[in-house]
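Asks: This is the structure alone, sequence omitted:
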C-alpha cells in the first residue's frame, strides 16, 4: 500500500489528513496490543476514541454546521484549529449526543441504526467492572478469553470500517485528486468488501 499511502498523504494542504491517519494508526496499534494481551476493556476504549475522533474530526472538516460549531477561518479548518478541536473533545468540552450522531450519520447517508448500536456496544466497555480485577492485585487480571476476544475483534472490524470511511471522506474533502488513489483499493474488491463494506460503498460511488 506504499504508493497509495503516498498519494493519500499528499493531500496535506493544512496537514489534517496526514495528522488524522497518524493518530489513527497509533491508537489502532495500541488497541491491537491490548486485544492480544487480553486487555479487552482497554482495547474497546481505544476503539471508542477512534470512533469519536474520526466522526467529530471528519464532520468538522466536511460540514462543521452539523456540530453546531463556527470557525473564524474561511473554508477548511487549519491544523491548529483541528488540534484545538481534538483537545476540546478530550476535555469533553465537545461531545456528540445520540441525536447529533444520528443527524451526522443521516447527512452522510450512513446506516445510523447499525452505527448507533456499534457505539452503544463500545460504551459498555468504558469502565472496568469489579470482576475484572484480581482481589490480590491492583492490576486487572488479564487472560485470553476466546468469546471476549471474538467479540472485541468483530467490534474492531466494524469500527475500522467506519474510520476508513471517515478518513476517505476527509481526504476527498481536501483534494479531489485522491479519488484515483482510493479507487486502487477496489482491485481486491471482494476481500475488502468482506471487512470494510462502508468504505467500499463510498469508493465505489466515486464515479
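Replies: Alright, I've got the coordinates. For clarity, every value in this text was computed on a predicted model and none was experimentally measured. Numbers count the residues shown, from 1 in each chain.
Asks: my guess is residue 172 meets residue 179, correct?
Replies: Yes: assessed by CB atoms under 8 Å, residue 172 is found in contact with residue 179 at 6.6 Å. For the C-beta atoms, the positions are set from N, CA and C on the backbone; glycine is no exception.
Asks: who has more neighbours, those two?
Replies: residue 172 (19 against 14; other CB atoms under 10 Å).
Asks: so where does the more buried one fall, helix or strand?
Replies: Per DSSP states H and E, residue 172 falls inside helix 146-174.
Asks: Nearest the middle, which residue of the protein would you pick?
Replies: Nearest to the geometric centre of the chain sits residue 163, at 3.3 Å (CA atoms, centre = their mean).
Asks: quick one: secondary structure of residue 109?
Replies: Following DSSP: H, G, I helix; E, B strand; the rest coil, we place residue 109 in the coil state.
Asks: Next, count neighbours for it.
Replies: Around residue 109 there are 10 residues (other CB under 10 Å).
Asks: That one and residue 82, how far apart?
Replies: Note on residue 109: its distance to residue 82, by CB to CB, to the nearest Å, is 24 Å.
Asks: any residues touching stretch 161-174, and which ones?
Replies: Contacts with stretch 161-174, where a contact means CB atoms under 8 Å, 6 or more residues apart in numbering, come from 8, 11-14, 16-17, 20-21, 24, 50-51, 54-55, 57-58, 61-62, 76, 108, 110, 115, 118, 178-179, 182, 195-199, 202-203, 206.
Asks: need the contact list for residue 28.
Replies: By CB under 8 Å, 6+ apart, the contact set of residue 28 is 46, 50, 160.
Asks: pLDDT below threshold where in this protein?
Replies: 1-14, 69-76, 126-141, 176, 189, 207 (pLDDT under 70).
Asks: ok, so of the contacts of residue 28, who is nearest residue 152?
Replies: Distance to residue 152 across the contacts of residue 28 (CB to CB) is lowest for residue 46, with 10.1 Å.
Asks: what's the helix or strand for that closest one?
Replies: Assigned by DSSP H and E, residue 46 belongs to helix 40-62.
Asks: and the next helix or strand after that helix, which residues are buried?
Replies: Where DSSP H and E defines the elements, the next helix or strand beyond helix 40-62 is helix 79-90. For helix 79-90, the neighbour count (16 or more other CB atoms under 10 Å) marks 81-82, 85-86, 89 as buried.
Asks: can you check stretch 142-157 too?
Replies: Of the residues in stretch 142-157, 148, 152, 155-156 count as buried by neighbour count, 16+ other CB under 10 Å.
Asks: next one: stretch 48-56
Replies: 48-56.
Asks: How about residue 38: what's its closest non-neighbour residue?
Replies: residue 142 (4.1 Å; CB to CB, 6 or more residues apart in numbering).
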